[in-house]
Each structure stands twice: as C-alpha cells, then as structure tokens.
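Chemist: Structure for the following, please:
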Amino acid sequence: MPADPPVGVDAEVGAGELVDGPDDAILSPDPDADEAPDESATSHAPQAAAAPSVAAGGAIAGRVTLDDDPELGVSAVTVSARQVGGAGYGETTTEHDGHYRLEGLPGGDYILLFESDGDYAFEFWGDTADEQSAVLVTVTEGASQEGVDAQLAWASFIDGTAFRYGDGLPVRSVWAAVYTLDDVLVDAVQTDDTGHYRIGGLPAGSYIVYFESDEDTFVPQFWQDAFEREDATAIELGVGETANADVWLQPNQSISGTVTRSSDGAPVNGFVWASGDSGFSTSVDIDDGGSYTLFLPPGTYTLQFVSRDQTALGEYWRDARDGAEATPIAVDEGAHLEGIDAVLEATALITGTIEAESRASYATFVEAYDGATLVAMAYADDRGRYTLHVPAGTYIVRASAVMREGHVEVPVQYFDHVATAEEATPITVAEGEIRAGVDFALTATVTPTEPSLPPIDTPGDAGAQPTTGALASTGSEPPLPAVAVAAIMLIAGALLATRGRRRELTL
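Modeler: Residues are numbered from 1 along each chain as shown. Here you go, the predicted structure:
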C-alpha cells in the first residue's frame, strides 16, 4: 500500500471515484481534479431515438431506478458526465421520479457515473463498478441522447472504530481506505472524534481496508492486524450488507540515521531495509542528504544498508558483511532511536573484456575470489565488457561461460590467460581504485556428447572436494556452482530493489 499518508486532503473521496492505488500515495489529493480516463473503454451510444436538438452543445438524458424495482424512480442521485480526452463535464441530480438531463456538453465520448449519498451503490453507465469497463456515451452537438438509464442496487457498507493498542482509547483522524482486490482505491475517509468511520455506497464485492495516520504516529496496517498487503484479510460484502472492521493501531516507533560513503562522505544512493524477528519488514529510501527514518512496531530488527548504484559496499548494522554477523537493534514501545548511522566502504572496480568464440551458444561472466570465497561476479555485455565491484583487497579473477544450447565446452580461464588458480596473477585494488585491462579470451569446443565432469580441487589441497562456490584449480570445471551463487545474488538484489518505503501493494 501507499508509503505516504494523504496529507493535505481536505475532503472525503466521493464513493465511486476510482483511483488507482499507486506505490507512493494513498489517494488522489483532489477528488475533483480532471484526470483523463482510459481511452480503451468501449464506446457505444444508447439505442434510443434522439430528442429535438438543443441550442448549445449536446445533451444526455435518462432515468435512474432501483435494481430490484425498475418502476420505482430514485431521486437525489448525482449523475456526472466526464468527457474522454477533453474538458467537457456536466453534473446534475435526479428528480423525484428519477429522471435527469445533462445539457451543454461538447461533442465527444463521455463516462457517466451514478452515485448517491450512500443508500445506493455507485455505478458507471454500462452496469459496472469498474471505470475501465464503463460503456461510453457519445454526444453530438445540437442533439440529445435519450434513454441513458441506470438501475442502482442497495449499497453495502464498511464501518468500524480505530483504537490505540495498549489502552483502547479511540484514535481520530486516521485514514481508512477501501481498495478492490485489484488494488484500485474506491473510497477513503478519516475517523471522527470518537475514532469511528463509515464508508458507504459500495457495490457488493470483495474489499481490502488500509489504515494510515497523517503524521506517522501509528504503524500503517491492513485489516485484519496485517502489516503487509499479502497478509490482509478481504471483506466480502453482499448487496445491502454492512461489515464491521475495527482496528487496533500500534503507536509508531522509529529508527533514524545517515548513510554515507567512506571515500568522500557523500550520501549513498540506496535504501535501508529492516527485518524484524516477528516477520515484519519495511524499507525506506535514503534521501538526498543521506538521512533515513524507519517507522516500525516494537521488536528486534536487523538493519541492512544497500547501495543501488554499487559505488559503495552494502553492509549490516553494525559494520557487518552478512546478516549472521549483524548486531540486532531492540526497539521498545514508544522508542525513537537516532544516530543509527552507516559509513559504507567505497567499492574498487575491476574491468576488462572477455573475447569468446560462438558467443550465441553461451554467455560469459567473471568472478573474483578471495581465497576460496566468491566475493563478486558480473556478466559480460554483448561486446564482452564487464565491471566487477569489490572491496579493497587481493583477488584471483577468472572467466567462465553459461551454456545456452548444444554441447559446448568452454574451459575456465584465470587471469592472465592461464588454466589454473595456482598460475593466476592476483589482482590487488585499493578502496575506490579502478583496475582496468583484466582481459580474457575463451575458446569453445563442440563435443558430440555430454562431457564428463572432472573432479574439482581447491588451491593448495589437490584432491579435496570443496563446497559450492570454492575456487577450482583444474581449469576445466563446469561453472555450475558459480552460476547458482550468481542466481541467488541476482534474485536477492532484485527483491531488495523492488521494496519501497513500506511496500505495501505489490501492487
């Protein structure tokens, strides 16, 4: 769900004003703002005889009745027409017998919305609650489209009260937002002085409710007691039904600090990810000044600092390279922990090219090892160029290939153009240094059958069988262990990069 609360929203979103739930906003700040609807909606004018021409513009007219009693007209229903791809707009209310008429509309296609104060479910013309499925009404200058009728069903409701966890006191000014299961915002209201909220005018269906406070004073959550979208409990509503959805909000705690690069003190372009022992996790971007603030419930957390552009090495709090060595941070109720800073080591770069035959049959990549430990890997581009981001240190670098098709054997090659790790020339880089010209030339051999796999030996222990990721000395080992490690690294990086501030809709 959205990362930022709907600050500045002065009025409730009208029922039926469907707004896509983006990753960074809970609702449209201005419910009346002109927003071009989906041009893909079906255009189909109602099949009715045209009335006498009107003096200026075109007109739309019809009658609104009850779905379960088509003869009974419904009064005081708001009918609005919004032009597709234009500025045309008209609004009126139905008369005592359900009739309405909109005049002075510029020619074009319109989306019609029928909504009441809450007694009847909203709908778009075409008998749908989905704006994208609305049937368009075509208006012609000087003519009137008659018979644009609608039958409304009795509305369903969701209501409840927001309480403060711990003492049960009601909480005012908390946003309660109702979304469809497709993560489209239907309506949002704030709780009153008694903590109560009520959202009406809902068509029968399934909904998700999301709660968030304006000032981040409470932990955002979904109904029922869920901090992640996938854990939310859907509310099923039948025609005319009311569902209760009370919420117990946890007072917000926070962790804040700065994240900078060691070489020049510049802010790191990245994010901070907190993973709690209770299963709750959240993340937030590092701002342009290098600062961050995480809001989260009480618990014990592991913090990870990640650089998106790889100009700095990621680490865990405190100065740890992996989660197993991280220092947990205990966050008590009401605590606001400041000064949880991180200074990330600037990466060194190893660059070069990989010349290869029959490149269409395999992809090439390089790995940097510190002893038998894989430190970094990178695939070469379609021109054979690669860049490795590594900590300062001394490395054995080798090039390998991933088979794409056929029976192709590409022996591993170590720098500088040798077959074993023992013969390799070590590469030493300082923090922030760029070491260029670490080049390779791989030769592929096509074999009629699957090649047998030779034993894998580690440097300095000829005959030992290493674990996955260990550095080979034979020069002919298949690169499967490295590929597995690379895949895990890429998947983990993708998961980290997709997480937003609270991440809320996976959407």
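Chemist: rest of the way, CA atoms for contacts and neighbours
Modeler: Will do.
Chemist: now what about stretch 209-227, what contacts it?
Modeler: Here stretch 209-227 makes contact (Cα atoms under 8 Å, 6 or more residues apart in numbering) with 1, 5-7, 173-179, 208, 228-229, 232-234, 245, 247-252, 280, 295-297.
Chemist: now the end-to-end length of it.
Modeler: 12 Å (Cα to Cα, to the nearest Å).
Chemist: Now do the buried residues in it.
Modeler: The neighbour-count check on stretch 209-227 (16 or more other Cα atoms under 10 Å) flags 209-214, 216-224, 227 as buried.
Chemist: Low-confidence bits of the stretch 251-400 of the chain, can you list those?
Modeler: Judged by pLDDT under 70, the stretch 251-400 of the chain has its weakly predicted residues at 358-361.
Chemist: hey, where'd the strands end up in it?
Modeler: For the stretch 251-400 of the chain, the strands defined by DSSP state E, counting those that start in this stretch cover 253-261, 270-276, 281-285, 291-296, 299-307, 315-316, 329-331, 336-337, 342-344, 348-356, 362-370, 373-379, 385-390, 393-403.
Chemist: possible to save the ones you listed as JSON lines with distance to Arg82?
Modeler: Formatted as JSON lines, the strands of the stretch 251-400 of the chain follow (distance: least, Cα to Cα, whole Å):
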{"stretch": "strand 253-261", "distance to Arg82": "44"}
{"stretch": "strand 270-276", "distance to Arg82": "41"}
{"stretch": "strand 281-285", "distance to Arg82": "38"}
{"stretch": "strand 291-296", "distance to Arg82": "40"}
{"stretch": "strand 299-307", "distance to Arg82": "45"}
{"stretch": "strand 315-316", "distance to Arg82": "52"}
{"stretch": "strand 329-331", "distance to Arg82": "50"}
{"stretch": "strand 336-337", "distance to Arg82": "48"}
{"stretch": "strand 342-344", "distance to Arg82": "52"}
{"stretch": "strand 348-356", "distance to Arg82": "56"}
{"stretch": "strand 362-370", "distance to Arg82": "53"}
{"stretch": "strand 373-379", "distance to Arg82": "51"}
{"stretch": "strand 385-390", "distance to Arg82": "53"}
{"stretch": "strand 393-403", "distance to Arg82": "55"}
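Chemist: Which of those sits closest to Leu152?
Modeler: Among the strands of the stretch 251-400 of the chain, strand 281-285 comes nearest to Leu152, with 41.8 Å by Cα to Cα.
Chemist: Partner strands of the closest one, with direction?
Modeler: Sheet pairing for strand 281-285, assigned by DSSP bridges, gives strand 270-276 (antiparallel).
Chemist: what distance separates the partner strand from the centre of its chain?
Modeler: With Cα atoms, centre = their mean, to the nearest Å as the basis, strand 270-276 stands 15 Å off its chain's centre.
Chemist: which residues are in contact with it?
Modeler: Identification of contacts with strand 270-276 by Cα under 8 Å, 6+ apart yields 281-286, 292, 294, 299-309, 496.
Chemist: burial of Ala266, as a residue count?
Modeler: Neighbourhood size, Ala266 [other Cα atoms under 10 Å]: 14.
Chemist: got the contact list for it?
Modeler: When contacts are counted by Cα under 8 Å, 6+ apart, Ala266 touches 260, 290.
Chemist: repeat that with 7 Å
Modeler: By Cα atoms under 7 Å, 6 or more residues apart in numbering, the residues touching Ala266 are Thr260.
Chemist: same check, this time on Tyr120
Modeler: For Tyr120, the contact set (Cα under 7 Å, 6+ apart) comprises 152-155, 201.
Chemist: Gln304 bridge partners, please.
Modeler: Here Gln304, judged by DSSP bridges, has bridge partners Trp273, Tyr316.
Chemist: scratch that, Ser80
Modeler: On the basis of DSSP bridges, Ser80 is bridged to Glu91, Leu113.
Chemist: So that it lines up with my notes, have the first residue be 290 from now on.
Modeler: New numbering, starting at 290: the last item is Ser369.
Chemist: Tell me if I'm right that it and Thr382 touch.
Modeler: No - look at Ser369 against Thr382 with Cα atoms under 7 Å: they stay out of range, at 8.6 Å.
Chemist: circling back: could you dump the contacts of Tyr409 to JSON lines with distance to Ile400, pLDDT and neighbour count?
Modeler: Shown next, in JSON lines, are the contacts of Tyr409 (distance: Cα to Cα, whole Å; pLDDT from 0 to 100; neighbours: other Cα atoms under 10 Å):
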{"residue": "Leu441", "distance to Ile400": "17", "pLDDT": "96", "neighbour count": "25"}
{"residue": "Ala442", "distance to Ile400": "19", "pLDDT": "95", "neighbour count": "22"}
{"residue": "Trp443", "distance to Ile400": "22", "pLDDT": "94", "neighbour count": "20"}
{"residue": "Ala444", "distance to Ile400": "21", "pLDDT": "95", "neighbour count": "23"}
{"residue": "Gly490", "distance to Ile400": "19", "pLDDT": "92", "neighbour count": "26"}
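Chemist: Just the buried ones out of the contacts of stretch 498-516, please.
Modeler: With neighbours counted using 16+ other Cα under 10 Å, the contacts of stretch 498-516 contain these buried positions: 290, 294-295, 462-468, 497, 517-518, 521-523, 534, 536-541, 584-586.
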